[in-house]
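> Got a predicted structure plus its sequence, pasted below:
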Amino acid sequence: MTLRTLDSLGPLEGKRVIVRCDLNVPLRDGVITDDGRVRASLPTLNALINAGARVIVCSHLGRPDGAPDPQYSLEPVAQRLSELLGAPVAFARDTVGESAKDAVASLEDGGVVVIENLRFNAGETAKDDAERAAFAGQLAELGDVLVSDGFGVVHRKQASVYDLAQLLPSAAGLLIAAELDVLDRLTENPERPYAVVLGGSKVSDKLGVISHLLPRVDRILVGGGMLFTFLKAQGHEVASSLLEEDQLDTVRGYIAEAAERGVELVLPTDVVVAEKFAADAAHEVVAADAIESTAFGASGIGLDIGPETAARFADVVRGSKTVFWNGPMGVFEFPAFAAGTKAVAQALTEVDGLSVVGGGDSAAAVRQLGFSDDQFGHISTGGGASLEFLEGKKLPGLEVLGWV
Ligand code: ADP
Ligand code: MG
C-alpha cells in the first residue's frame, strides 16, 4: 500500500487545505436522519484543525442536476458538523463563486468552512474530461493542498475526487486509510466461510458485482430489490416488484456459475408482498414461487424477505467467519417491512469473526433499527466503493493518491 498519507503534505499551519469528504447523509424534511458520515469525517478534520490548517470542506449531497437545488443544500450538514466539532463552522452559499472565495479568504488558522454542494456544478460529475478539469481548476484556486477523505466516492471519476487530486499536492485522509485497512482484511486471506449479503435498490449496479465475487467467497445471500430478478430468472412471477428484465440472462449465468464453483447462493424462500409502496400498505407473507397468489395479484410489490428466509439468512451469517453486507433486505424505512433487515443485522452482531456493514442506507438502517456501531466489526461509509474494492477493481480516486 503506497497511499500518500497526511504527513506527506508537510507542515499545514496556515495552509488552505481542501478536504473532500463524503457528507452525503440521508435527510428527511431538511433534518439529518443519520449523521454517521459526518462523524466519520471528524478524525481528519480535527487533525487538520489541530495542525493549524485553514480547512475548506467540500462534499456532494444527493443527486441534484448540476445546478443549485435548495433541498440538497449542505447547510444543515455544516450546522451538524459545527455541533460535533464543538467549534464554529462557516458556510459558503456557492461552491467556487464569490461566497466561497470570501469565506476562504476570511478563514483563520484552525478555522473551518463548508462550501456548498459540489454537484450544484455540472462539472463535478461530467463525463467530458475538459468540463470536469475546468471545474477542478476552479476548486484548486480555493486551496493549497487536497486531502481526499470521501471514501464513499473513491470509485467515481469525478472532478473533486479524481481531477483535483492531480492539480494540487494531495493525500488520503484518516477515514480512507481506516476503510482500506478493513477492506484489506476482507481481501487478503479472509477467514472462511466468507459470506457476502447483498440487497438494496441499486439493482443493476450490484448485480455486476456478483460475477467478481463468485471466485472469492463461499456464500452469497440475495435479498432486497435484486431478489426478484433472481426469482424471475428461476421462472417465478414477481408481480410488480423491482425487476431488471434485461438482466435475466446474466442472472441465470450467475446461478449456473455459482453451482459450478460450489458457491452457496442463498435465495429467499418467502417474501412479504404489499398492496402498494407505502408504510401502511396491507401485506401478506407468501412463498417465493407464489408472489402473484396474494389478494393483490399482479399489482403486489415485494417489500421484504419473509420470516423463514430471514431466519435462514441469519443462520448462514452467524455460521460464517467473515461477512460483508451491503444493501437492506427490504424497505426498512417502513417499520412493517424492516424485519428482514433487522434479523440480518442482529445476526451480524453475533458473528464470531469479522463483520462489515457497507453502504449509506445499510449503515443508516442498522442505526435506525437500534444497533450501535461497536456491535459490528466495522461500518463502512461506502457501499459501492467497498464492493468495487472487493471485486478487485482499480478505483480512480485511490489511484490518484498513489494506490496501486
Ligand atoms: P446502500 O446505500 O446501503 O448501498 P442501496 O442504496 O442500494 O443501499 O439501497 C437502499 C434502499 O433499498 C433502501 O432505501 C430500501 O428501502 C430499498 N429497498 C430494499 N429492498 C427493497 C425492495 N424490495 N423494493 C424496493 N426498494 C427496496
Ligand atoms: Mg444508498
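Received, thanks. Ligands and ions are numbered 1, 2, ... in the order given.
> Ligand 1 contacts on the stretch 151-300 of the chain?
Counting by CB under 6 Å from any ligand atom, the stretch 151-300 of the chain comes close to ligand 1 at 199-202, 224-225, 242. In this view, the C-beta of every residue, glycine as well, is placed from N, C-alpha and C.
> got a markdown table for the residues you listed, with neighbour count and distance to Asn50 too?
Shown next, in a markdown table, are those (neighbours: other CB atoms under 10 Å; distance: CB to CB, whole Å):
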| residue | neighbour count | distance to Asn50 |
| --- | --- | --- |
| Gly199 | 30 | 40 |
| Gly200 | 22 | 37 |
| Ser201 | 14 | 40 |
| Lys202 | 17 | 38 |
| Gly224 | 31 | 41 |
| Gly225 | 23 | 43 |
| Leu242 | 16 | 46 |
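> Inside strands: which ones of these?
Using DSSP state E, no member of these falls in strands.
> Output the below-cut-off pLDDT ranges for the stretch 301-404 of the chain.
Applying pLDDT under 70 to the stretch 301-404 of the chain flags no residue at all.
> can you pull out the strands in the stretch 101-250 of the chain?
Listed in chain order, the strands of the stretch 101-250 of the chain (DSSP state E, counting those that start in this stretch) span 112-115, 145-148, 170-172, 194-198, 219-222.
> quick one: which of these is nearest Ala288?
Of all the strands of the stretch 101-250 of the chain, strand 219-222 sits nearest to Ala288, with 11.0 Å by CB to CB.
> what's the closest one in contact with?
Residues outside strand 219-222 that contact it (CB atoms under 8 Å, 6 or more residues apart in numbering): 193-199, 210, 213-214, 230, 258, 263-268, 313, 316-317, 320.
> That strand pairs with which strands?
With DSSP bridges as the test, strand 219-222 is paired with strand 194-198 (parallel), strand 264-266 (parallel).
> quick revisit: any chance of the residues of the stretch 151-300 of the chain next to ligand 1 in JSON lines with pLDDT as columns?
As requested, those are exported to JSON lines (pLDDT from 0 to 100):
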{"residue": "Gly199", "pLDDT": "96"}
{"residue": "Gly200", "pLDDT": "93"}
{"residue": "Ser201", "pLDDT": "91"}
{"residue": "Lys202", "pLDDT": "80"}
{"residue": "Gly224", "pLDDT": "98"}
{"residue": "Gly225", "pLDDT": "96"}
{"residue": "Leu242", "pLDDT": "97"}
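> isn't Gly223 right up against Val197?
Yes. Using CB atoms under 8 Å, Gly223 makes contact with Val197 at a distance of 7.0 Å.
> Overlap of the contact sets of these two?
Common neighbours of Gly223 and Val197 (CB under 8 Å, 6+ apart) are 313, 327, 344.
> got a winner among those residues for most neighbours?
The residue in the shared contacts of Gly223 and Val197 with the most neighbours, by other CB atoms under 10 Å, is Val344 (29 neighbours).
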